[in-house]
Structures are given as structure tokens and as C-alpha cells.
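**Q** below is the sequence, then the predicted model.
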Amino acid sequence: MEPHIPSLELAYGINRDIAPRVEKALRGLAEENVEELSRAIAMKLMRSAYSLIAAEDRSWHTDVQRCAAAFVNHSPEHAAQMAVLVEIANNGTTVATLREVLEDFGRYIIELFDRKKTILCK
């Protein structure tokens, strides 16, 4: 099997659903589903963020811990958000915390993908 070669095209291709996923999570967030939903969306956000820097990092990780570490190495100003996502992926979280993460870092990742999409469409 051929190894994946990271690129912006690949990042966008496998994560073009990030905006609808974040919005759906925000709309459907409830006490009854927060543990399962929080773990899944945390992993999606970490992998999505990582995919944007994978080509520059010259790596292709599937483990979310390694994805988070690579992203933080590239964008240390987001170390705190990544630490929160790692914690959520491992242990779940509350509705309030997940809502805050999605409205902050989730929307940030959506904006990054929108900017990268603009570059790809030129």
C-alpha cells in the first residue's frame, strides 16, 4: 500500500466536512450524548488541525496524540487548546466545555480550512 503524501488538497478532501460536523455537534449537544459526541469531535478537530500542517511537517500521523503534538510544534500558541482536546478525547467533557471548545477552536479550524480552500481554488 502506498503511503499517504500529505498536501493541502488531501487535507481539504478528507476534512471538507469539518464545518457541518462542528455545527451539527453544536446543535445536537445535550447531557445525554456529550460523552460520546465530545470524544468524537475532539478527535476530528485534532486530526483536521494536523492535516493542515502535515505537508509542512512532512509527516502523516493517524494517532491523535501525535497529530496534536505535531500541530502544537507548528503552532505553539494553540498548545492549550490541543491539551484540552486531548483531555476531551480521552475522558469526555461537559456540555459547557464542549460548547466553548467548538465555538472557539472549532470555528478557528473552520476559518483555516476556508482560507486554505481559497488558496486551492486560485
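**A** Perfect, thanks for sending it.
**Q** do a quick rundown of the helices in this protein.
**A** Using DSSP state H, the helices found in the chain span residues 8-15, 18-28, 34-57, 64-74, 79-91, 95-101, 107-120.
**Q** find the one among those with the highest mean neighbour count.
**A** Of all the helices of the chain, helix 34-57 has the most neighbours on average by mean count of other C-beta atoms under 10 Å, namely a mean of 21. In short, each C-beta sits where N, CA and C put it, glycine included.
**Q** list the contacts for the residue nearest the centre of the chain?
**A** In the chain, the C-alpha closest to the average C-alpha coordinate belongs to L45, at a distance of 1.6 Å (C-alpha atoms, centre = their mean). With contact taken as C-beta atoms under 8 Å, 6 or more residues apart in numbering, L45 is in contact with 18, 22, 85, 101, 105-106, 109.
**Q** go again using 6 Å as the cut-off
**A** Applying C-beta atoms under 6 Å, 6 or more residues apart in numbering, we find L45 in contact with 85, 109.
**Q** just to revisit the earlier point, now tabulate the helices of the chain in JSON lines and tack on mean pLDDT.
**A** What follows is the helices of the chain, written out as JSON lines (pLDDT from 0 to 100):
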{"stretch": "helix 8-15", "mean pLDDT": "88"}
{"stretch": "helix 18-28", "mean pLDDT": "95"}
{"stretch": "helix 34-57", "mean pLDDT": "95"}
{"stretch": "helix 64-74", "mean pLDDT": "95"}
{"stretch": "helix 79-91", "mean pLDDT": "96"}
{"stretch": "helix 95-101", "mean pLDDT": "97"}
{"stretch": "helix 107-120", "mean pLDDT": "84"}
